[in-house]
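S.K.: Pasting a predicted model and its sequence here:
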Amino acid sequence: MNVTPRATMRLQFNAGFTFDDAAALVGYMHRLGISHVYASPILAARAGSAHGYDVVDPTRISDEIGGRAGLERLVAALRRHEMGLILDIVPNHMAVGGDENPWWADVLAKGEASPHACVFDIDWRHPDPERDGKVHAPFLGEDYDRALASGTLRLCRDTAGRVWALAHDRRFPIRDEDLPAIFGEGAPDAAEADRLLARYHEPESGPRALHRLLDRQHYRLAWWRTAADEVNWRRFFDIGELAGVRVEDPEVFETTHGLIFELYAAGLIDGLRIDHIDGLADPGGYCRRLRARLDGLRDRRPAAAADHPPLILVEKILAAGERLPDDWPVEGTTGYDFMAELGGLLHDPSGRMPLRSLWREVTGEPDDPEAEVEAARRQILATAFEADLARTVRAFAALARSRRRDRDLTTAALRRVLTEVVIQVPVYRIYDTGDGHDAADDATIAGAIDRARAHVVPGDRPALERLADWLHGGRAIEGGGTDASAEAGQTDEADPDMLRRAALIRFQQLTAPLAAKAVEDTVFYRQAPLLSCNEVGSEPGAPTLSPAAFHQACIDRRRHHPMGLLATATHDHKRGPDNRMRLAVLSEMVEEWSRTVKAWRRMNMPSQVAPSEVSLDGHTAPHPADELMLYQTLIGVWPAGLDATRAARNTAAGEILPRVEAWWRKALREGKRRSNWVEPDTGYEAACLAFLQAIMGSDSSFPEALDRLVRRITPAAMVNTLAQTVLQLTCPGIPDIYRGSEVRDLSLVDPDNRRPVDHDRLAGLLAAETEPAAALECPRDHDAAKQAVIARILALRARDPALFLTGDYLPLTVTGPAADHLLAFARVGTATEGAQPPHAIILVSRLADRLIPEGGAPLIPAEGWADTLIDIPGPLAGHHHEVLTGERLALRDGGLAVSGLLTRLPVAVMTGL
């Protein structure tokens, strides 16, 4: 069986959605046109995990979702329908913090002597002798001394007689060497053992005795708030319960991937999605090793599953103009870059500056995305990544000490210049493990160094220039080494090349999480002229994308990564695809939107909370910036097609209110301006939520105004939805449909985007075989229209998979008064001698709002297109079948009127007959 990838569907596995639940959907997915299930992580994760990214045991499949037997049942169902399985894996980190992770628990019990100590990225050496050789364990819910005194921290025994330190529901092992001190030399019975442990809980002497015992352990228990400053192991971002894994170590690689390789060799999986590739020490080396291992297993796979090479896809956020390194043997990314390109294409460039002006006017805040990003990076580096910065500084200081010419570079100076350079790196990271990097990375470093110079005092410039030399690849080993040790403390004599490699890795493993936390998890919640632009993969203040630039991006993807995923929704998105496409319409009607915002603020002013009642200097609650983001969020989630009655609006408000409340609380804390996660301003948050409840209440006039605006923009929003959908299904790459987004997805950020999906409803819609054009007539049927478009195009891809996998991408010329409102291209295959080449011509309407008459359907009428023409190349002219409507069309070469082609739908996919 050769399962050619045509389209994936991302499924989220947890206790509420198991392998058997997925197996029951295989028939539906097959009828929709899906070729591969794209599964969230399935290895054993924390009990009750909703997502699977908190793996505790990579050697077994989670029992909560069905175990090995359940996986085999799912795969059997997939194979019956000639479908494949792509698995999301998490090589960067594992969940830690208690005893659920047996490897971590063993490290806490045995320290460096544990056979699993090499798995985790722990810095065992510490300048403080009392902390040297210990794991900082910031897992207490309160100050350590308070936990001792209150009895929150105590000793317990398990059923096997092992002794643990217990804090709430978390257990930490006590060394075997300490058991004689607790129990004496004998083996006490259970009652005696409990009596002896009780001595450590005596009000007077217990805390002192327990502290002495804990102080001898291989870990140092501490309050969770100390993690940012003191943790001595790499975390996933700033999450103190996810510890970095050293997959660069060949033994660790094999140990953590053994089950994955077994599943691949057994024919149970067909490809892998690599989570957070930028967290690894050597992403390129990891990809090459992974590819070699999978390729080496192909001859062990069942004959029916051995035909197609394994797919490897990487989760990678690409900056504008950035591309995956050429030497990574992967199919491509998971599609955030495509999401950003779609967003750029489907927002009106003429609205960009007026929207920013409106933001400044309403909020009173400056609109400088670059300054906002720099400020966020500076704040987060100081508050969330202090320990990571210190670790990076120590690595460069060790490099400086290894050479005579650099021995006078002080640690303090290196810290100051590293701080400035790290803040100025505009991408997630460069890729250099000591063997050099490419010209693009060199330019990235040069730019960061140049920008850092403006923030460095003259006395630190020698340190900055030395850092620049190291980052650019300068080796300059003259002067020899000293007996300084490497960052990991594993060698007795300094090797400058090894020390530089260690320092470079630390540098790159710091810039990646800093970029993510500063932009996606901070600036996107602070500055929002239009929230549909604040999406994972996008950049603050990024310009829109012209049709020509979009065409070029597609040509580049076709050339370099034709099997990369094309996403419009993911488990990590900030807003669902149709939520974004609705908000994008506001970029086409900024004057009207500006009047609406001001009217809404006047309408809702009585519901605001006075400054004296909240800790907000000079402003009522909510702050104008938070209020403007709230209005956009409500527009995005409000259901379309409601009955025009107060009862219908009240029902809708009641349904969305808990979702918006959860979003707003998260948004306020992520923004880190008027609240935050570490010390939330619950008073301000409560005032904001009271405002929301008041304006959405049953006696408020605001829901009617909100519904009126959503009705007003729904036609253009649906044009955007269909445009985005058709482009996802026809551009170079593999479309990835996030479960449930085959109909309109108006979701918000997690956990809202991970809510259960009504698959029975979706299956019923598909079975009805709705005509897309007929379903456009009523907003309530727009779900069916979107799903039907997907099913029909995926059926075309199934009939001619090569056309969309390897076919050329040919931009088509559009001229005339509405040329900016149409994107046109063809996918062209290889012609047999004397025959017309197989091809599909794709037309997509864009920026339709101003061309749709008031109260009109989601369609630009003929008079809107006027004399707009599309140039059909001679080899593609002739009779065509329009896939979405079933119409037969005669396309002549040369200029062809668009008004005669898009008469029933705002999009078209035409194939030659």
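M.R.: Cool, the structure landed. Residues are numbered from 1 along each chain as shown.
S.K.: contacts, neighbours, all on C-alpha from now
M.R.: Noted.
S.K.: domains for this structure, by residue range?
M.R.: As assigned by automatic domain parsing, the chain contains the domains 8-92+247-334, 102-241, 370-519.
S.K.: how far is the shortest one from where the chain is centred?
M.R.: By that I understand domain 102-241. Taking Cα atoms, centre = their mean, to the nearest Å, the mean C-alpha location of domain 102-241 is offset from the chain mean by 34 Å.
S.K.: From start to finish, how long is that domain in a straight line?
M.R.: With Cα to Cα, to the nearest Å as the measure, domain 102-241 spans 14 Å from end to end.
S.K.: any idea of the mean pLDDT in it?
M.R.: Computed over domain 102-241, the mean pLDDT rounds to 95.
S.K.: Flag every buried residue along the longest helix along the chain.
M.R.: Ranked by residue count under DSSP state H, the longest helix found in the chain is helix 702-730. For helix 702-730, burial by neighbour count (16 or more other Cα atoms under 10 Å) applies to 702-704, 706-707, 710-711, 713-730.
S.K.: chain center to that helix: distance?
M.R.: Centroid separation for helix 702-730 versus its chain: 24 Å, with Cα atoms, centre = their mean.
S.K.: going on from it, what's the next piece of helix or strand?
M.R.: strand 734-738 (DSSP states H and E).
S.K.: C-alpha coordinates for that following strand, CSV please?
M.R.: Extracted in CSV, the C-alpha atoms of strand 734-738 (Å, rounded to 0.1, in the frame of the first residue of the first chain):
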residue,chain,number,x,y,z
ILE,A,734,0.0,19.1,2.1
PRO,A,735,-3.2,20.7,3.6
ASP,A,736,-3.5,20.0,7.3
ILE,A,737,-7.1,20.3,8.6
TYR,A,738,-7.2,20.7,12.4
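S.K.: Each with direction, which strands does it pair with?
M.R.: Strand 734-738 has the following sheet partners, assigned by DSSP bridges: strand 8-11 (parallel), strand 565-567 (parallel).
S.K.: which residues in the stretch 451-600 of the chain form helices?
M.R.: With DSSP state H, counting those that start in this stretch as the criterion, the stretch 451-600 of the chain has helices at 461-472, 496-519, 547-560, 577-584, 590-604.
S.K.: Any stretches of the stretch 501-650 of the chain with poor pLDDT?
M.R.: Where the stretch 501-650 of the chain drops to pLDDT under 70, the residues are 611-618.
S.K.: Swap in 90 and give it another go.
M.R.: 541-543, 609-620 (pLDDT under 90).
S.K.: now do the stretch 201-350 of the chain
M.R.: The model of the stretch 201-350 of the chain has pLDDT under 90 over residues 303-309.
S.K.: Do a quick rundown of the helices in it.
M.R.: Under DSSP H, counting those that start in this stretch, the stretch 201-350 of the chain gives helices at 206-215, 227-230, 250-265, 283-297, 336-345.
S.K.: Next, format these as CSV and append distance to Pro462.
M.R.: Formatted as CSV, these follow (distance: least, Cα to Cα, whole Å):
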stretch, distance to Pro462
helix 206-215, 42
helix 227-230, 28
helix 250-265, 38
helix 283-297, 31
helix 336-345, 38
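S.K.: which SS class is Asp88?
M.R.: Following DSSP: H, G, I helix; E, B strand; the rest coil, Asp88 is assigned to strand.
S.K.: contacting residues for it?
M.R.: Counting by Cα atoms under 8 Å, 6 or more residues apart in numbering, Asp88 makes contact with 38-42, 272-275.
S.K.: try it again with 7 Å
M.R.: 39-41, 272-275 (Cα atoms under 7 Å, 6 or more residues apart in numbering).
S.K.: cool, and Thr410?
M.R.: Contact analysis of Thr410 by Cα under 7 Å, 6+ apart lists nothing.
S.K.: Report the separation between it and Glu769.
M.R.: From Thr410 across to Glu769, the span is 71 Å (Cα to Cα).
S.K.: Likewise for Gln608?
M.R.: From Gln608 across to Glu769, the span is 48 Å (Cα to Cα).
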